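Trainee: only geometry, no sequence info:
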């Protein structure tokens, strides 16, 4: 089947991007204006979300993975430099893509403490897997993690464990937002 047979519409991607950004900015401005008019309701809602982030995450999970990634993209951008720094530190210590580097701190530690056997659930084993991974992603790391450490059966879907990492980020961000709204109301930021 050719492109002409499908009769695909010609999408103006820059215009679509600008429309999405303008709509997002408008929505965020309206939410900000509403939080200025109703600071205690906004702070209360943010504190409730902080205490139980599943209030916000459950509807996102029900709508699908794409929606969840789009909505949590700012959080992923915030966490990305820290992941990169962690990967760099592991590289310096000798946890490389093809295993532990020869004559590195990691190899000396491994030979001194473990010898030829590294326990499966040890921190050293996790560092090895993070160092060998091409791209470290929260969900993939949690899928490959030993779920017995958390007292969870291996049969349970790993989305629940991956969601806990997202829930922690949403909880912290909403708590910080609540403090910001109340601080703005009480004059802390003037």
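Mentor: The structure has been received and is ready for your questions. From a predicted model like this one, the values you see are computed outputs, not experimental measurements. Numbers count the residues shown, from 1 in each chain.

Trainee: now residue 13, what are its backbone angles?
Mentor: Note on residue 13: backbone dihedrals following degrees, to the nearest 10 are phi -60, psi -40.

Trainee: what residue lies at the spatial centre of this protein?
Mentor: The chain has residue 76 as the residue nearest its centroid, 4.6 Å off, counting by Cα atoms, centre = their mean.

Trainee: which strand or helix spans that one?
Mentor: Residue 76 belongs to helix 73-93 when elements are defined using DSSP states H and E.

Trainee: just the buried positions in the top helix by length along the chain, please.
Mentor: Determined from DSSP state H, the single longest helix within the chain is helix 159-185. Along helix 159-185, the positions that meet the burial threshold by neighbour count (16 or more other Cβ atoms under 10 Å) are 161-163, 166, 169-171, 173-175, 177-178, 180-182, 184. (Each C-beta comes from the backbone N, C-alpha and C, glycine too.)

Trainee: just stretch 25-40 next, same as before
Mentor: Taking 16+ other Cβ under 10 Å as the basis for neighbour counts, the residues of stretch 25-40 that come out buried are 35, 39.

Trainee: what's that stretch in contact with?
Mentor: The contact list for stretch 25-40 (Cβ atoms under 8 Å, 6 or more residues apart in numbering) reads 42, 181-182, 184-185.

Trainee: show me the contacts for the residue lying closest to residue 47 once chain neighbours are set aside.
Mentor: When the adjacent residues along the chain are set aside, residue 47 lies closest to residue 178, with 4.8 Å between them (Cβ to Cβ, 6 or more residues apart in numbering). By Cβ under 8 Å, 6+ apart, the contact list for residue 178 reads 42-43, 46-47, 50.

Trainee: pLDDT score assigned to residue 178?
Mentor: We have a pLDDT of 93 for residue 178.

Trainee: got it, and residue 163?
Mentor: Taken from the predicted model, the pLDDT recorded for residue 163 is 58.

Trainee: before we move on, what about the one 5 residues further on?
Mentor: Reported pLDDT at residue 168 in the predicted model: 85.

Trainee: and it, how far is that from residue 175?
Mentor: 11 Å (Cβ to Cβ, to the nearest Å).

Trainee: now do the strands in the protein.
Mentor: Read by DSSP state E, the chain holds these strands, from start to end of the chain: 95-96, 99-100.

Trainee: mean confidence for the last one?
Mentor: Along strand 99-100, the predicted confidence averages to a pLDDT of 86.

Trainee: for the first one, same thing?
Mentor: Within the predicted structure, the mean pLDDT of strand 95-96 is 88.

Trainee: which elements pack onto that strand?
Mentor: helix 123-132 (3 or more Cβ pairs under 8 Å, 6 or more residues apart in numbering; DSSP states H and E).

Trainee: what packs against the helix it packs on?
Mentor: Helix 123-132 sits against helix 73-93, strand 95-96, strand 99-100, helix 105-109, helix 138-144, with contacts defined as 3+ Cβ pairs under 8 Å, 6+ apart.
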